[in-house]
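Peer 1: quick one: sequence and predicted model below, then my questions.
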Amino acid sequence: KCGVGKCGHCQINNTFVCTEGPVYNGLELKSLQEAL
């Protein structure tokens, strides 16, 4: 609901999908094991 990385709902490790995603390249996805 927040969309600015404050609530933590979309957090994967240290990445916030709402601010840094939702499109990631293959190298980024390898470091985001929770996303796979």
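Peer 2: Good, I have the coordinates.
Peer 1: show me where this protein has helices.
Peer 2: 17-20, 26-30 (DSSP state H).
Peer 1: which of these has the lowest average pLDDT?
Peer 2: The stretch with the lowest mean pLDDT among these is helix 26-30, at a mean of 84.
Peer 1: OK, contacts around the residue sitting nearest the centre point of the chain?
Peer 2: Closest to where the C-alpha atoms of the chain average out (C-alpha atoms, centre = their mean) is Val17, at 3.2 Å. Neighbouring residues of Val17 by C-beta atoms under 8 Å, 6 or more residues apart in numbering: Cys10, Gln11. C-beta: built from backbone N, CA, C; applies to glycine.
Peer 1: try 6 Å
Peer 2: Cys10 (C-beta atoms under 6 Å, 6 or more residues apart in numbering).
Peer 1: confidence score at Ala35?
Peer 2: pLDDT, read off for Ala35, is 66.
Peer 1: how about the strands in this structure?
Peer 2: In the chain, the segments counted as strands under DSSP state E are 11-12, 15-16.
Peer 1: turn these into a markdown table, including distance to Glu34, mean pLDDT and mean neighbour count.
Peer 2: Conversion of those to a markdown table gives the following (distance: least, C-beta to C-beta, whole Å; pLDDT from 0 to 100; neighbours: other C-beta atoms under 10 Å):
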| stretch | distance to Glu34 | mean pLDDT | mean neighbour count |
| --- | --- | --- | --- |
| strand 11-12 | 5 | 84 | 15 |
| strand 15-16 | 9 | 86 | 18 |
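Peer 1: so can I have CSV of those showing distance to Asn25?
Peer 2: Output for the strands of the chain, formatted as CSV (distance: least, C-beta to C-beta, whole Å):
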stretch, distance to Asn25
strand 11-12, 15
strand 15-16, 13
